[in-house]
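Colleague: requesting a structural model of the entry that follows:
(chains A and B)
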Amino acid sequence: EVQLVESGGGLVKPGESLRLSCAASGFTFTSFTLNWVRQAPGKGLEWVSSISGSGDYVYYADSVKGRFTISRDNAKTSLYLQMNSLRAEDTAIYYCTRAPLFSEWPQYWGQGTLVTVST
Amino acid sequence: FILTQPHSVSESPGKTVTISCTRSSGNIASNYVQWYRQRTGSSPDSLIYEDNKRPSGVPDRFSGSIDSSSNSASLTISGLKTEDEADYYCQSYDIHNWVFGGGTKLTVL
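Modeller: You can find the predicted model right below:
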């Protein structure tokens, strides 16, 4: 059974940093691109970032480019999102997701972790 | 590109409802469209993938289609149940970029 479990969310002030983690299990970790998708309170879904199975290729939404860094540790079967220079508009639930092989859609979702950026 | 959905729709139990998802630029048929249901307080669930396929466990009351003439995709739910009340999102992509529609709140009254 595929499982994705996020952690690391919390309350931070504008300009501060936070690192999210996603522990994955139930599949061959290195074979799959992983992704972060977020959802602001009461709003819709927004793709944030993707990373290839090897970690060699990373992609970002324009809204987070230059501030967020996606990475993975294949030995620990974990995905990360380092978020710097946080803004109020980054407040959201952050979901770790996995697409099927050679596909561009989220098939599996974690339960999400809430990030709140506020003074 | 953006995907535009109606903000809300409502229908009675037992009836059929269709939710649209219109692509602003580029051909709707050029990249697959997916549909998700999100109940309050939960993560999204996959309902339709690759335009019209259902994951195992999704009942055939849910169906998806695309219409190139209107450059849109549609999710149709037949035999509505009160438990279908939720937010529904379409999703597609272009190169290294996933795009979600703004979501449609379905009320079953």
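Colleague: contact partners for the residue of chain B found nearest chain A?
Modeller: Scanning chain B for proximity to chain A using C-beta to the nearest C-beta identifies B:Trp98 as nearest, at 3.7 Å. C-beta here means a position set from N, CA and C on the backbone, and glycine is covered the same way. Contacts here follow C-beta atoms under 8 Å, 6 or more residues apart in numbering or on different chains; on that basis B:Trp98 touches A:35, A:37, A:47, A:50, A:104-106, B:91-92.
Colleague: next one: B:Thr4
Modeller: B:21-22, B:24, B:101-102.
Colleague: now the element after the helix or strand containing the residue of chain B closest to chain A, going C-ward?
Modeller: Using DSSP states H and E, B:Trp98 maps to strand B:97-100. Sequence order places strand B:104-108 as the next helix or strand after strand B:97-100, per DSSP H and E.
Colleague: and that following strand, how far from the chain's centre?
Modeller: 11 Å (C-alpha atoms, centre = their mean, to the nearest Å).
Colleague: follow-up on the earlier one: which one of the contacts of B:Trp98 is nearest to B:Pro6?
Modeller: Nearest to B:Pro6, judged by C-beta to C-beta, of the contacts of B:Trp98 is B:Gln91 at 16.1 Å.
Colleague: count of neighbours near the closest residue to the closest one other than its chain neighbours?
Modeller: Spatial nearest neighbour of B:Gln91, excluding adjacent residues (C-beta to C-beta, 6 or more residues apart in numbering or on different chains): B:Gln34 at 4.5 Å. Residues lying near B:Gln34 (other C-beta atoms under 10 Å in any protein chain shown) number 29.
Colleague: and B:Gln34, what does it touch?
Modeller: B:Gln34 touches A:105-106, B:46, B:48-50, B:90-92, counting by C-beta under 8 Å, 6+ apart.
Colleague: save those as a markdown table, and put in distance to A:Ser71 and secondary structure too.
Modeller: Formatted as a markdown table, the contacts of B:Gln34 follow (distance: C-beta to C-beta, whole Å; DSSP: H, G, I helix; E, B strand; the rest coil):
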| residue | distance to A:Ser71 | secondary structure |
| --- | --- | --- |
| A:Trp105 | 22 | coil |
| A:Pro106 | 19 | coil |
| B:Ser46 | 26 | strand |
| B:Ile48 | 32 | strand |
| B:Tyr49 | 28 | strand |
| B:Glu50 | 30 | coil |
| B:Cys90 | 30 | strand |
| B:Gln91 | 24 | strand |
| B:Ser92 | 27 | strand |
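Colleague: just among the contacts of B:Thr4, which is most surrounded?
Modeller: Compared across these, B:Cys21 has the highest neighbour count, 28 neighbours, by other C-beta under 10 Å.
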